[in-house]
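J.: Predicted model and sequence below, questions to follow.
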Amino acid sequence: MSSNVSVCVRFRPLSHKERKANGDKVCFKRLDSESFVFKDEREEDVIFSFDKVFYEDVQQSDVYNFLAVPIVSDAINGINGTIITYGQTGAGKTYSMEGPSILHCNEQKTGLVQRVVDELFVCLGSSASMWTVKLSMVEIYLEKVRDLLDLSKDNLQIKESKTQGIYISGATEISILNSSEALENLSQGIANRAVGETQMNLASSRSHCIYIFSVQFGSTSDESWISYAVNQDCLKQVSILAKATTGKIILVDLAGSEKVEKTGAEGRVLDEAKTINKSLSALGNVINALTTGKQNHVPYRDSKLTRILQDSLGGNSRAALLCCCSPSPSNAPESLTKHIKASPKIIPELRLSLKEEDVDLLEELFLQEGIIFDPNSISDIDLVCQDTATEEISLLMQAVGELKETVQELTDENEMLRRDLEAALEIAAQAQLGAAAASASAAARSRALLDFVPAALRRPFGFVPD
Ligand SMILES: Nc1ncnc2c1ncn2[C@@H]1O[C@H](COP(=O)(O)OP(=O)(O)OP(=O)(O)O)[C@@H](O)[C@H]1O
């Protein structure tokens, strides 16, 4: 594979209810730690391969060691990383991420988040550099980003800067010094998520939950000294500003991936399902573009989720996708069709074992059956273009609407100012007229007064000629 994305599958144990319904029957047969045989709806066997398959007896620590350890050590070196859990409702995404509880669970059941936090602070504890760790926690529901550490911020915008890369503008960032502080805050975020969901009458599986840890080493106030010889006798010492490096670890517990037909959704639930499917397929397209290396363009801008993950998926970063599956035969078709789409290994592996023409034929068949999708196919590109064009048009319409409003406001303001000016001019004109009339009548009054004064008295004051 040409990228740093690993795709793994995890089958959870059968639930009590599933055992009651189907006994011990499961929808797969183990082959090895990378492949399994899946029985499809027609009871035909199909082999699937991934970077790793975790069966029901695998421990949380095994999943962590394979998926997360490289990501944590990379983050310490300023390299971004992402861990994503994916799958239908009840498949084990949250269990893999948080275990049964973020704060209270035994070591064996502890999830990826707590393990990442613990390892992060162990590594930082032994580091000689200065560091800071900041935590943010958001969820994406119906393409809106909500701050889980401050529920009043319910429509955050995603921005990009040269210094920070991709960031969520205005999102609460809490500086944390150790793992218990981190877990306390995460637990608060999880509780807030539940509060918000109750307020909005939602189920947790309808939103994507995103935990973001930013690890910064050094700062602009960090100075290191270097010495160099100017000539034989003179050793000069200069200070250089150590450049701060930041590594991000993003963990994502995705919304459930169930099909719309299965949920019988309508109204808001249907909108939710459509939005979830759209963002999951945007994520699928990004992962596909990164793993097949066929596309020059990686469509990060197609959803809020992929935009947030832009600098933590692909490029120099490292990512792991954990596809969580129910082992129950009743959930099998859904568990797998989606995962196969996300499995970048099938075709390359087939190429190793089969003739090139046969693989091409199979790939064509897979595409026709919708088992995999071709990121370069005309219809996909058309769809993406259509989506982008529609989005552009609606953004332009919105901008035109806003401009119209501004023009109207300015016209109204202008009209008010014109009226004020007219009124002021009228008052000034009246004042001038009043003043002229007043001085004319004052002069007339003076003249009338003078007429009463005897001429002899007036003469010394020059009022009448001698
Ligand atoms: N590997 C596992 N071992 C033991 N129990 C598990 C495992 N995975 C999941 N479970 C149990 O299965 C149930 C469903 O799991 P979980 O809540 O993690 O599903 P989910 O995919 O996150 O669902 P949702 O999308 O609704 O949040 C829970 O009771 C959980 O404890």
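T.: Yep, it's here.

J.: residue ranges with poor pLDDT in the stretch 301-450 of the chain?
T.: The stretch 301-450 of the chain contains residues with pLDDT under 70 at 331-399, 402, 406, 441-450.

J.: Kindly report the residues of it close to the ligand.
T.: Residues of the stretch 301-450 of the chain lying near the ligand by Cβ under 6 Å from any ligand atom: Cys324. (Each C-beta comes from the backbone N, C-alpha and C, glycine too.)

J.: how about whatever residue of the stretch 251-400 of the chain ends up closest to the ligand, what does it touch?
T.: Here the stretch 251-400 of the chain gets closest to the ligand at one residue, Gly256, 3.9 Å apart by Cβ to the nearest ligand atom. Applying Cβ atoms under 8 Å, 6 or more residues apart in numbering, we find Gly256 in contact with 87-91, 93, 205-206, 276.

J.: Using pLDDT, spot the least trustworthy of the residues you listed.
T.: The lowest pLDDT within those belongs to Ser205, which sits at 75.

J.: In three-state terms, how would that one be classified?
T.: helix (DSSP: H, G, I helix; E, B strand; the rest coil).

J.: which residues in the stretch 51-200 of the chain form helices?
T.: 60-67, 69-76, 93-98, 112-125, 179-200 (DSSP state H, counting those that start in this stretch).

J.: Return the list of helices and strands in contact with the one helix or strand Leu321 maps to.
T.: Element membership of Leu321, judged by DSSP states H and E, is strand 318-325. Applying 3 or more Cβ pairs under 8 Å, 6 or more residues apart in numbering; DSSP states H and E, one finds that strand 318-325 makes contact with strand 5-11, helix 60-67, helix 69-76, strand 81-86, helix 93-98, helix 267-292, helix 332-342.

J.: can you count the residues close to the residue of the stretch 201-350 of the chain found nearest the ligand?
T.: Relative to the ligand, the nearest point of the stretch 201-350 of the chain is Ser205 (3.1 Å; Cβ to the nearest ligand atom). Using other Cβ atoms under 10 Å, Ser205 has 23 other residues around it.

J.: do the same with Lys17
T.: So Lys17, with other Cβ under 10 Å, has 10 neighbours.

J.: would you say it is within a helix?
T.: Yes: per three-state DSSP, Lys17 lies within a helix segment.

J.: picking up where we left off before, just the contacts of Gly256 now: which is nearest Gly78?
T.: Nearest to Gly78 among these is Lys93, at 28.5 Å by Cβ to Cβ.

J.: Now the closest one: closest residue in space that isn't a chain neighbour?
T.: Excluding its sequence neighbours, the residue lying closest to Lys93 (Cβ to Cβ, 6 or more residues apart in numbering) is Thr85, at 3.9 Å.

J.: how far away is the one you found from the ligand?
T.: Here Thr85 is placed at a distance of 7 Å from the ligand (Cβ to the nearest ligand atom, to the nearest Å).

J.: Then Asp74?
T.: Taken as Cβ to the nearest ligand atom, the span from Asp74 to the ligand is 26 Å.

J.: How about the contacts made by that residue?
T.: 80-81, 247, 317-318.

J.: Reformat those as a markdown table; add neighbour count.
T.: Shown next, in a markdown table, are these (neighbours: other Cβ atoms under 10 Å):
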| residue | neighbour count |
| --- | --- |
| Asn80 | 27 |
| Gly81 | 26 |
| Gly247 | 23 |
| Ser317 | 24 |
| Arg318 | 23 |
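
J.: now for those, which pair is the farthest apart?
T.: Greatest spatial distance in the contacts of Asp74: Gly247 and Arg318, 10.4 Å, computed using Cβ to Cβ.

J.: what touches both of the two?
T.: 74, 79-81.

J.: Tell me the one among those residues nearest to the ligand.
T.: Nearest member of the shared contacts of Gly247 and Arg318 to the ligand, counting by Cβ to the nearest ligand atom, is Gly81, at 21.2 Å.

J.: Which residues are in contact with the closest one?
T.: Counting by Cβ under 8 Å, 6+ apart, Gly81 makes contact with 70-72, 74-75, 247-250, 312, 317-320.

J.: same thing with Ser175?
T.: By Cβ under 8 Å, 6+ apart, the residues touching Ser175 are 132-134.

J.: Let me know the distance separating it from Val133.
T.: Computed as Cβ to Cβ, to the nearest Å, the Ser175 to Val133 distance reads 7 Å.

J.: next one: Cys325
T.: Distance, Cys325 to Val133, using Cβ to Cβ: 33 Å.

J.: more crowded one of these two?
T.: Cys325 (29 against 22).

J.: got the CA positions of the strand holding Leu321 in CSV?
T.: C-alpha atoms of strand 318-325 as CSV (Å, rounded to 0.1, in the frame of the first residue of the first chain):
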residue,chain,number,x,y,z
ARG,A,318,-0.6,7.9,10.0
ALA,A,319,-4.2,6.6,10.3
ALA,A,320,-5.9,3.4,11.4
LEU,A,321,-9.5,2.5,10.6
LEU,A,322,-11.1,-0.1,12.8
CYS,A,323,-14.2,-1.6,11.2
CYS,A,324,-16.3,-3.1,14.0
CYS,A,325,-18.6,-6.0,13.0
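
J.: State the distance from Cys323 to Ser169.
T.: In this view, Cys323 and Ser169 are 31 Å apart by Cβ to Cβ.

J.: I'd assumed Ile212 was in contact with Val138.
T.: Yes: because the distance of 7.5 Å satisfies Cβ atoms under 8 Å, Val138 is recorded as touching Ile212.

J.: Which neighbours do these two have in common?
T.: By Cβ under 8 Å, 6+ apart, the residues touching both Val138 and Ile212 are 168, 171.

J.: okay, those two: which has more neighbours?
T.: Taking neighbours as other Cβ under 10 Å, Val138 and Ile212 compare with Val138 leading, 26 against 21.

J.: quick one: that one from Asp154, how far?
T.: Between Val138 and Asp154 the computed distance is 10 Å (Cβ to Cβ).

J.: Now do the shared contacts for the two.
T.: 146-147.

J.: And for the nearest residue to Lys159 once chain neighbours are set aside, the neighbour number?
T.: Among residues not flanking Lys159 along the chain, Ser169 sits closest, at 4.7 Å (Cβ to Cβ, 6+ apart). By other Cβ under 10 Å, the residues close to Ser169 number 13.

J.: can you check Asp271 too?
T.: Asp271 is flanked by 12 other residues according to other Cβ under 10 Å.

J.: Report the contact partners of it.
T.: Contact analysis of Asp271 by Cβ under 8 Å, 6+ apart lists Leu142.

J.: And the pLDDT for it?
T.: The model reports Asp271 with a pLDDT of 78.

J.: just Tyr228 next, same as before
T.: 38.

J.: Make residue 1 into 252 and carry on from there
T.: Will do, 252 is the new start, and the previous item becomes Tyr479.

J.: any idea how far Thr340 lies from Ala506?
T.: From Thr340 across to Ala506, the span is 9 Å (Cβ to Cβ).

J.: With neighbour numbers in mind, choose between these two.
T.: Ala506 (27 against 17).

J.: Quick check: neighbours shared by Thr340 and Ala506?
T.: Both Thr340 and Ala506 are contacted by Ser456, under the criterion Cβ under 8 Å, 6+ apart.

J.: thought Arg315 was touching Leu363?
T.: That one is not Arg; residue 315 is Tyr. Yes: counting by Cβ under 8 Å, Tyr315 touches Leu363, with 5.6 Å between them.
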